[in-house]
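>>> Need coordinates for the following:
(chains A and B)
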Amino acid sequence: MRYSTRLPRASLVRPLLLLTLILAITIGMAVSFGATPLSWRALMDGDETARAILLRIRLPRVLLASAIGATLAVAGVTFQTLLRNPLADPFILGVSGGAACGAAISTALGFSRIPGLVPVVAFLGALGATAAVFLLARRRDHTDPARLLISGLVLNALFSALILISFAMSKQSDLTAALRWMMGTLFGASWTSVALVTSLLVVAFVVLVFIANDLRLLAFGEDDARSRGVNVERVKLIGFVGASIVTGAAVAVSGIIGFVGLLVPHLIRMIWRRDFRFLLPLCALGGAALLVGADVVSRVIVRDVELPVGAFTAILGVPFFLSLLRRGR
Amino acid sequence: MLELANVSYAYGDAAAVREVTLRVDQRQLVALAGPNGSGKSTLLKLVARVFAAQSGEVSLDGKTIAQWPAKEYARQVGYLPQDPDPAFPMRAIDVVVSGRAPYSTRFAWETDEDWREAERALALCDAAHLADRYFDEMSGGERKRVFLARVLAGTPRLILLDEPLAALDVSHMQQFSALLREIVDRTGASVLFASHDLNWAAAYSDRMLIMDRGTLALDATPAEVMRPEVMRTYFGFDVEAVTAGGRSWVVPKI
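Prediction:
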């Protein structure tokens, strides 16, 4: 009975607690650090400025960072499992690029003056990119991983071109916001954006929990999963659409924050090499902690300058991508 | 138990299985042989519910596949694909226990019984020592044994194996074939396995099905199949038949 004492359910508790603790610590740090140091004592004493910094600036930003980090990591691990390829990531597959392209085009068309419209178009861009990348990579009855990555690459090139054209045609006044958005930023986080991303994340998470067992089996291959009674086409549709919707929402709100979806599942898998049912909650917590942490570093690393967090995560992610590529998996 | 009636399947325009009719009863070890591209794998996939027959009916215990609830069918029929791979690093025991999935509900984790069955299946496949090893650190033969254990962990009544002997060394081939024989004799399950190794297939099966360009060309006992004229007709090579240990074997003429 060596294994009956190590049921997955039981062994999930410790990693969950550990990652929750790490997330709590990073959130604590993120709330305290910033351009204006936040004094907890002043806050306790009922200082209005401290209260405003906490509630209007820090807290929405930190919560948005955790929601977006969790979203990207959950989308990443879902794409990876569906495609049976550890290199899949919303950024690499072109889903983020599609959203960015939608946002850039709508900015050029002057939609940015109508509140809420740019995120909606960004969102549609993400869905369109997902559809395109999968149609391109499909070969008979399966999605070829190499073709998928190449399709993502080609689409990303196309999106970059469209984004540049859109920028060239945009009004100067609209450009600053668009550029900030392209760099991936959590600046200007509001409670509305927190609520939007969090609610979509929760819905997607619940849906993914619903198909987690099927996704676990899908990792063994589509034929194998089918023979075990999994409705493969339905699970793929739900998984892809769900992961694309949340990615679209995350990118619509915070711009392109790359490689979180690649980095987090990879790190989690390095420590806990288990199936999708484990990885899903652990990636959510890990993604949240990573992005909150990256945001703190990008805010404090250079004095008086806020570095774009998206560029920062990409710098972290590239070495991991290369190491995965070298290992040929 | 298993019945196929005029079953056909094509990949686009290329017919892979044509009008196959056959019946497999309980307690039978049936070998499926034929040249490359003769439709062996497709036939197994049609029975495994990977593909649905484009015409004809596949039925188990008198019920067609469509009439079986998917999960219920998966408990009856275990399928080992040709190149199984868990895609991400996993322990062998986790691979094997996933074979118990048809017994589980959507949100349930594995029960004690599932782990017991997984351990038992690993031991049967001479792979108990691999339980804690990671799949990506194993040899081809070891992986094959782990995946066979995964099929057995589901305690299916009909076991479908696509090239189960490939990548196994001779001693494990023998051990494995004997294990299949034992499972069939002891539990009354039936096995349908595709193999390119005619001598092994003949030595360990009760019956051999020879596929030829998608059709079922011959359904006979090993002794009837292992003859020079059969080999010439369906496999296009000249052999000498020899008898040893009370069985017929074929040796290629060189």
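
>>> Now the stretch 101-250 of chain B against chain A: closest residue?
B:Trp109 (4.3 Å; C-beta to the nearest C-beta). Glycine gets a C-beta too; all of them are placed from N, C-alpha and C.

>>> Wait, a helix at that residue?
No: going by DSSP: H, G, I helix; E, B strand; the rest coil, the assignment for B:Trp109 is coil, not a helix.

>>> Got phi/psi on it?
When read as degrees, to the nearest 10, the backbone of B:Trp109 gives phi -90, psi 170.

>>> Around chain A, which positions in the stretch 51-200 of chain B sit nearby?
With the criterion set to C-beta under 8 Å from any C-beta of the partner chain, the stretch 51-200 of chain B comes near chain A through B:69-74, B:77, B:79, B:81, B:84-91, B:93-95, B:98, B:101-102, B:104, B:106-107, B:109-110, B:112, B:115-116, B:118-119, B:131, B:134, B:136.

>>> One more pass at 7 Å, please.
B:70-71, B:73-74, B:79, B:81, B:84-90, B:93-94, B:98, B:101-102, B:106, B:109-110, B:112, B:115, B:119, B:134 (C-beta under 7 Å from any C-beta of the partner chain).

>>> of the residues you listed, buried ones?
Buried residues within these, counting neighbours by 16 or more other C-beta atoms under 10 Å in any protein chain shown: B:70, B:73-74, B:79, B:81, B:84-90, B:93-94, B:98, B:101-102, B:110, B:115, B:119.

>>> Contacts made by stretch A:84-100 with the rest, please.
Surrounding stretch A:84-100, the residues in contact under the criterion C-beta atoms under 7 Å, 6 or more residues apart in numbering or on different chains are A:72, A:75-76, A:79-80, A:122-123, A:125-126, A:128-130, A:133, A:145, A:148-149, A:152, A:155-156, A:159, A:163, A:182, A:219, A:244, A:247-248, A:251-252, A:256, A:258-259, A:261-262, A:266, A:321, A:324-325, A:329, B:87-88.

>>> Does B:Met208 fall in a helix, a strand, or a coil region?
Under the three-state scheme (three-state DSSP), the conformation of B:Met208 reads as strand.

>>> Equivalent analysis for the one 3 residues further on, please.
Using three-state DSSP, the secondary structure recorded for B:Met211 is strand.

>>> any idea of the pLDDT on it?
Per-residue confidence (pLDDT) for B:Met211: 93.

>>> one step back: mind giving me the ChimeraX command for buried ones among the contacts of stretch A:84-100?
Those of those that count as buried under 16+ other C-beta under 10 Å are selected in ChimeraX with:
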select /A:72,75,76,79,80,122,123,125,126,128,129,130,133,145,148,149,152,155,156,159,163,182,219,244,247,248,251,252,256,258,259,261,262,266,321 /B:87,88
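
>>> mind listing the strands for chain B?
B:2-11, B:14-24, B:29-33, B:55-60, B:63-64, B:77-80, B:158-162, B:190-194, B:207-212, B:215-220, B:239-244, B:247-252 (DSSP state E).

>>> Of those strands, give the one that comes closest to A:Phe312.
A:Phe312 lies closest, by C-beta to C-beta, to one member of these: strand B:77-80, at 46.3 Å.

>>> Report the mean per-residue pLDDT for the closest one.
Taken as a whole, strand B:77-80 has an average pLDDT of 94.

>>> go on, stretch A:247-261?
Within the predicted structure, the mean pLDDT of stretch A:247-261 is 85.

>>> Now the terminal residues of that stretch, how far apart.
Terminal residues of stretch A:247-261 lie 10 Å apart, using C-alpha to C-alpha, to the nearest Å.

>>> residues in the stretch 201-329 of chain A within reach of chain B, list them.
Taking C-beta under 7 Å from any C-beta as the measure of proximity, the stretch 201-329 of chain A contacts chain B at A:210, A:213, A:216-217, A:219-221, A:223-224, A:226-229, A:269, A:273-275.

>>> Apply 10 Å and report the result again.
A:209-214, A:216-232, A:265, A:269-270, A:273-279, A:327, A:329 (C-beta under 10 Å from any C-beta of the partner chain).

>>> Just the buried residues from those residues, in PyMOL please.
The following PyMOL line selects those of those that are buried, judged by 16+ other C-beta under 10 Å:
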select buried, chain A and resi 211+212+213+214+216+217+218+219+220+221+222+223+224+225+226+227+228+229+230+232+265+269+273+274+275+276+277+278+279
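
>>> pLDDT score for A:Asn151?
If you look again at residue A:151, you'll see it is Ser, not Asn. 89.

>>> helix/strand/coil for A:Ser323?
Put simply, A:Ser323 is helix when judged by three-state DSSP.

>>> A:Phe220 contacts B:Ser98, doesn't it?
Yes: look at A:Phe220 against B:Ser98 with C-beta atoms under 10 Å: they come within range, at 7.0 Å.

>>> and for the two, which residues touch both?
In terms of C-beta atoms under 10 Å, 6 or more residues apart in numbering or on different chains, A:Phe220 and B:Ser98 are both contacted by the residues A:Arg228, A:Asp275, B:Pro86, B:Met90, B:Arg150.

>>> Would you check which pair of those lies furthest apart?
So, those by C-beta to C-beta: farthest apart are A:Arg228 and B:Met90, at 15.9 Å.

>>> number of nearby residues for A:Ile315?
Using other C-beta atoms under 10 Å in any protein chain shown, A:Ile315 has 13 neighbouring residues.

>>> from what I can see A:Leu155 touches A:Leu136, true?
Yes: using C-beta under 10 Å, A:Leu155 is in contact with A:Leu136, at 7.6 Å.

>>> and residue 26, what is it in contact with?
Reading this off chain A. By C-beta under 10 Å, 6+ apart, the residues touching A:Thr26 are A:62, A:65-66, A:69, A:288-296.

>>> if you could check chain B rather than the one you did, that'd help
Remark: with contacts taken as C-beta under 10 Å, 6+ apart, B:Gln26 is in contact with B:Met1, B:Leu2, B:Arg157, B:Leu158, B:Val184, B:Thr187, B:Gly188, B:Ala189, B:Ser190.

>>> how far out from the middle of the chain is stretch B:103-119?
Computed by C-alpha atoms, centre = their mean, to the nearest Å, the separation of stretch B:103-119 from the middle of its chain amounts to 24 Å.

>>> for stretch B:192-209, same thing?
Using C-alpha atoms, centre = their mean, the distance between the centre of stretch B:192-209 and that of its chain works out at 10 Å.

>>> Next, the buried residues of that stretch.
Counting neighbours by 16+ other C-beta under 10 Å, stretch B:192-209 gives B:192-195, B:197-198, B:200-209 as buried.

>>> A:Pro114: what's it in contact with?
Just to correct that, residue A:114 is Ile rather than Pro. Counting by C-beta under 10 Å, 6+ apart, A:Ile114 makes contact with A:Ser106, A:Val120.

>>> And for A:Phe312?
Contact criterion C-beta under 10 Å, 6+ apart gives A:Met183, A:Gly184, A:Ile257, A:Gly258, A:Phe259, A:Leu291, A:Ala294, A:Asp295, A:Val297, A:Ser298, A:Arg299, A:Ile301 as the residues in contact with A:Phe312.
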